[in-house]
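In: I would like to see how this sequence folds:
(chains A and B)
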Amino acid sequence: MTKKKRPVIERESVVVKFVGDSGDGMQFTGGLFSDSAAIAGNDLATFPDFPAEIRAPQNTIPGVSGFQVHMGSAKIYTTGDLCDVIVAMNPASLRANLKWAKVGATLLVDTDSFEEKSIEKAGYKSNPLEDDSLKRYNVVQAPITNLTKECLKHLGIDNKTAERSKNMFALGMLYYIFNRPLEPSFQYFEQKFKKDPRVVEINKVVLTAGYNYADTIEAIESVIQVKPAKMPAGRYRNITGNVATAWGLLAAAEKSGRALFLGSYPITPATEILMELARHKSLGAKVFQAEDEIAGICSAIGASYAGLMACTTTSGPGLSLKSEAIGLAVITELPLVIVDVQRGGPSTGLPTKSEQSDLLQALFGRNGECPVIVVAASSSDNCFYYAYMAAKLSMEHMTPCILLTDGYLGFGSALFRIPKMADMPPINPPVAKAYDPDYKPYARDPKTLVRKWAIPGTEGLRHRIGGLEKENITGVVSTDPMNHQLMVTLRAEKVAKVADYIPLQEVDGPKKGDLLVVSWGGTYGAVHSAVKKMHEEGKKISHAHFHYINPLPKNTEKILKSFKKILVCELNAGQFVYYLRMNFPLPNIYQFNKIQALPFMINELTDKFNELLEG
Amino acid sequence: MEYINTTIERTTVQLSKADFESDQMVKWCPGCGAHAILSALERVFPKLGYKKENFCLVSGIGCSSRFPYYVNTYGIHGIHGRAMAIATGVKVANPHLSVWVATGDGDSLAIGGNHFIHTIRRNVDINVILFNNEIYGLTKGQYSPTTPMNKVTKTSPQGTIEHPFNIGELVMGAQGTFFARVPDNDLTLMTEAMFESARHDGTSIIEILQNCIIFADKAHNHIINKEVRDENMCVVRDGQPMLFGKNKEKGLRLAGTELSVVEVGKNGITLDQILVHDRYNPDPWIHMMLAKLSPPHFPKIFGIIRSAMFPTYDDLMEDKIRLGQKESSIQKLDHLLNSGETWEIR
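Out: A predicted model of the protein is given here:
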């Protein structure tokens, strides 16, 4: 392959977004592009941006589907705020995504799709390629559809089939722009379409044609080089948050020696966890797709009573439906992992968009005094670790644990340094032994207040538990007032004592000072990047990102009291800040909230930080 | 596919009723039909021959649902309507347990209606004892999904305006594989139905016409009372003609697709013209017709109306897991973590 000598521009990080109609294969294209970045040694994070509808009308704004890749030669923390390159396969996708383009961004457009009808459907008054509305950008116009048809002519491919490959033409052009080899994609085609050599051939031809075309046109003035990132040595893979969550649960099941049971009901954006676990029968995972959210959690409670590592996965509306049953797991003191992949609410809300608005529901959304452990993951890859920890804490402390992730983490992907199972922390559930002479259903370990797990089938341990208040130690149904007070206290103390088994809260930056930025869950990447930017500008600012929400790490109060101002940043109306103020009524806790079902942008965060530092 | 039929480990010692009696005071009203049901179950458990640790009782909410506290086995008293879902979890988690659900007409047919039909549809191998007293007892006398039309209750002072469920019809509509109906005043028939339900692979529903002495007293008396039961009850037994009446002189005859009541010896009717019960028939249409019959024109049918053989959900789940273990190269989590596209960074 000959290549024109073009200047090479080196970049530390680049954000690329592929956008087109729902049927244009943007998810597939983006996936291949991110693989090429990973193979080139970049760190990366990806995010698919697709509509709630499966196939909205063609060439309309609701039908736009996108896939964003943020890759870099340094650690990547977010999927990127604004794009350096947008590949737009039709007018609607260009119009819907132009607001995410940096000034001067490269816009690669398929000019063949800019016909009168589709321009009108996109809501443009005139062709944006012909007026001066795109003058602030570097527009690369290419007749992608026709060139794709042209390059396949010699194979006798009909136009309709050819058109479906136009995404590979665009990808070939991008490979040229980023100086990526085609070979890994060829290998992927050979693997993926093993049964259909013709499809392999088509994809190879079109990808190569796109690459060569990019080499010939003048509009591409330079190629971009993103050097390999320096990352800790090890074996890596790309993983979405939902798959990482599923694998973390499987890992905990294997480590604890308790097979996994999942009782779940499909709900966006959590369904992928259910689908992923259903694939792993060979690891002994029993996956039950229930008739509704309630049956999902209740079957899990039954499985937990019977001695399995039980889980249920859902999103906000499903968590609401599960509330009563979570109470049953709390009063029966059974282990249970509840994964809530949060989305925009209330009610059905914004199913495919992300928000952090289930925190208070996770903490308090039940009848009675009903504390549970609450843990939150902060990146797509660490969903693995926090799912594992949620299961470990739940089993070892015999109480439900809610793991909060969100649509952004769940759908998004990041590079995952593959752990060895031998290095994962041990999990030792307190299983009662047959004929244990001291066994009583609610007898507790004095240090942890944890009761034993007596599993049906075990000789000499027959007992009954249930949703009615139980007498301490014996587990006999009791309405005695003092016993109720005691049991409520014991259950709360048991959860509070989990603080002895979680790490202390870390602070990024000085241990005391003027401003502490606080965040939790899926906003880590954005908030960390903003704090890093402030540090680079020489500003004195610190950051505490929380993964353990209930109980909070033991040093939380000490950290908060070491700063003049505390700013809690959340993608909700102020739920963690409310929780912190409730626990630590300090006068200097400020809040910054965004409720647009969109992630934080680095600039809006740094603006707020500066405002507080100056004010 | 190789078919797994999970077994339950048997006891090596002779168990008795006393092995299953709990030390808890039974708090049902004196004269409540539930006492007889408890007694029947405590007789059946030792007869089944399973180890006493291999029984697990599950319940929801209602008078019936206090049941697990009164039997000395493993047990979990759940939340309203969800016993079938909890029991599904127990059985799928450990198919080597004999899992029993105690529930009522409100618990399983109103708030738990969804779990009831779906558990039956899946044929999870659990045994369900459904106390049908046609009323909400624990909340003190509101109408239930089986309360007859026009009945005056605390929430229907002018009589109900709802059509009640026929439980057998609902079970068969949900593709149920086992359905029995028994009155709470016939210990022998109750015991027999419970024993057979345990032997049946799949979801077994036993509808017990149970008397709530406080809020719907004598609700079933027009059928099961001594004076009328010969005419209004027909107990069916597999392989035997469906006869009833004081001297078993009446019978059910199937002509075309219609059932009719005939008298043997009258109008040229002979015994071999009487319908013979086949509880194992996979096709449920006759079972469905039988379940729907009721006075005044027909007797109500009792006994084991249906026990057809179909694979159970829990056995199929074990099958799939074994198949997965046999065919997949991913046998440990380390295999999964390193499967597919991975690369080394040094």
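In: tell me which residue of the stretch 151-300 of chain B lies closest to chain A.
Out: Of all residues in the stretch 151-300 of chain B, the one sitting closest to chain A is B:Ala174 (11.3 Å; CB to the nearest CB). Bear in mind the C-beta positions are built from the backbone N, C-alpha and C, glycine included.
In: what pLDDT is listed against that residue?
Out: With respect to pLDDT, B:Ala174 has a value of 98.
In: and what of the one 3 residues further on?
Out: With respect to pLDDT, B:Thr177 scores 98.
In: how close does the most centrally placed residue in chain B get to B:Asn127?
Out: Closest residue to the average C-alpha location of chain B: B:Ile205 at 1.6 Å, with CA atoms, centre = their mean. Using CB to CB, to the nearest Å, one gets 9 Å for the distance from B:Ile205 to B:Asn127.
In: and if you look at A:Gly538?
Out: 73 Å.
In: more neighbours, the two?
Out: Higher neighbour count among A:Gly538 and B:Asn127: B:Asn127, with 26 against 6, using other CB atoms under 10 Å in any protein chain shown.
In: in contact with A:Leu336, which residues?
Out: Taking CB atoms under 8 Å, 6 or more residues apart in numbering or on different chains as the criterion, A:Leu336 is in contact with A:Ile297, A:Ala300, A:Ile301, A:Ser304, A:Ala310, A:Cys311, A:Thr312, A:Ile326, A:Ala329, A:Ser394, A:Pro400, A:Cys401.
In: now with 10 Å?
Out: A:Leu336 is in contact with A:261, A:263, A:297, A:300-301, A:303-305, A:309-312, A:322, A:325-326, A:328-330, A:372, A:390-391, A:394-395, A:398-402, counting by CB atoms under 10 Å, 6 or more residues apart in numbering or on different chains.
In: cool, and A:Lys447?
Out: A:Lys497, A:Asp500.
In: and it, which of the three is it?
Out: State at A:Lys447, reduced to three classes by DSSP: H, G, I helix; E, B strand; the rest coil: coil.
In: in the stretch 351-500 of chain A, what residue comes closest to chain B?
Out: Counting by CB to the nearest CB, the stretch 351-500 of chain A gets nearest to chain B through A:Gly466 (2.6 Å).
In: where's that residue relative to A:Ser478, distance?
Out: For A:Gly466, the distance to A:Ser478 - CB to CB - is 12 Å.
In: check A:Val14 too.
Out: 64 Å.
In: so if I had to pick from those two, which one is more boxed in?
Out: A:Val14 (23 against 17).
In: sheet partners, orientation included, of the helix or strand containing that one?
Out: Per DSSP states H and E: A:Val14 is located in strand A:13-21. In the sheet, strand A:13-21 lines up against strand A:64-72 (antiparallel), strand A:83-88 (parallel) (DSSP bridges).
In: give the rounded mean pLDDT of the first one.
Out: If you average the pLDDT over strand A:64-72, you get 96.
In: what kind of secondary structure is the most far-flung residue of chain A relative to its centre in?
Out: Ranked by distance from the centre of chain A (CA atoms, centre = their mean), the top residue is A:Pro437, with 46.5 Å. Secondary structure for A:Pro437, judged by three-state DSSP, is coil.
In: ok, it - contacts?
Out: Here A:Pro437 is in contact with A:Gly460 (criterion: CB under 10 Å, 6+ apart).
In: what count of nearby residues applies to residue 284?
Out: Because you didn't say which chain, this covers chain A. 19.
In: try chain B instead
Out: Around B:Pro284 there are 20 residues (other CB under 10 Å).
In: surely it meets B:Gln175?
Out: Yes: if you go by CB atoms under 10 Å, B:Pro284 and B:Gln175 touch, sitting 7.7 Å apart.
In: pull up the overlap in contacts between those two.
Out: What both B:Pro284 and B:Gln175 touch, as defined by CB under 10 Å, 6+ apart, is the set B:Ala308.
In: next up, the contacts around the residue of the stretch 201-346 of chain B found nearest chain A.
Out: Using CB to the nearest CB, the closest approach of the stretch 201-346 of chain B to chain A is made by B:Gly324 at 2.9 Å. Applying CB under 10 Å, 6+ apart, we find B:Gly324 in contact with A:Arg279, A:His280, A:Lys281, A:Ser282, A:Leu283, A:Gly284, A:Ala285, B:Ile330, B:Gln331.
In: from B:Ala110, how far off is the closest residue to the fourth one other than its chain neighbours?
Out: Closest residue in space to A:Ser282, ignoring its immediate chain neighbours: B:Ser328 at 3.5 Å, by CB to CB, 6 or more residues apart in numbering or on different chains. Separation of B:Ser328 from B:Ala110 (CB to CB): 43 Å.
In: so where is chain B shaky, pLDDT-wise?
Out: For chain B, applying pLDDT under 70 flags the ranges B:1-5.
In: those strands in it, which residues are they?
Out: Along chain B, counting by DSSP state E, strands occupy B:55-59, B:74-77, B:98-104, B:127-132, B:178-183, B:204-209, B:233-236, B:243-244, B:250-255, B:258-263, B:300-307, B:343-345.
In: mind putting the ones you listed into TSV with distance to chain A?
Out: Output for the strands of chain B, formatted as TSV (distance: least, CB to the nearest CB, whole Å):
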stretch	distance to chain A
strand B:55-59	5
strand B:74-77	3
strand B:98-104	9
strand B:127-132	14
strand B:178-183	20
strand B:204-209	17
strand B:233-236	31
strand B:243-244	38
strand B:250-255	35
strand B:258-263	33
strand B:300-307	22
strand B:343-345	5
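In: would you pull up the residue in the stretch 151-300 of chain A closest to chain B?
Out: A:Lys281 (2.9 Å).
In: burial check on that residue, number of neighbours?
Out: Neighbours of A:Lys281 under the rule other CB under 10 Å: 22.
In: does it really touch A:Val287, like I thought?
Out: Yes: taking contacts as CB under 10 Å, A:Lys281 lies within contact range of A:Val287: 8.0 Å.
In: joint contacts of those two?
Out: Contacts common to A:Lys281 and A:Val287, judged by CB under 10 Å, 6+ apart, are B:Met317, B:Lys320, B:Ile321.
In: quick check: the second one touching A:Lys286?
Out: Yes: under the criterion of CB under 10 Å, B:Lys320 lies in contact with A:Lys286, with a separation of 9.3 Å.
In: for chain B, tell me which of the contacts of A:Leu336 show up nearby.
Out: Among those, the residues lying close to chain B (CB under 10 Å from any CB of the partner chain) are A:Phe261, A:Gly263, A:Ile297, A:Ala300, A:Ile301, A:Ala303, A:Ser304, A:Tyr305, A:Met309, A:Ala310, A:Ala325, A:Leu328.
In: correct me if wrong: the third one contacts A:Val339.
Out: No: the pair formed by A:Ile297 and A:Val339 falls short of the contact definition of CB under 10 Å, at 11.1 Å.
In: tell me which of these two has more neighbours.
Out: Neighbour comparison, A:Ile297 and A:Val339: the larger count goes to A:Ile297, with 36 against 31 (by other CB under 10 Å).
In: quickly find the element holding that one.
Out: Applying DSSP H and E as the criterion places A:Ile297 in helix A:293-305.
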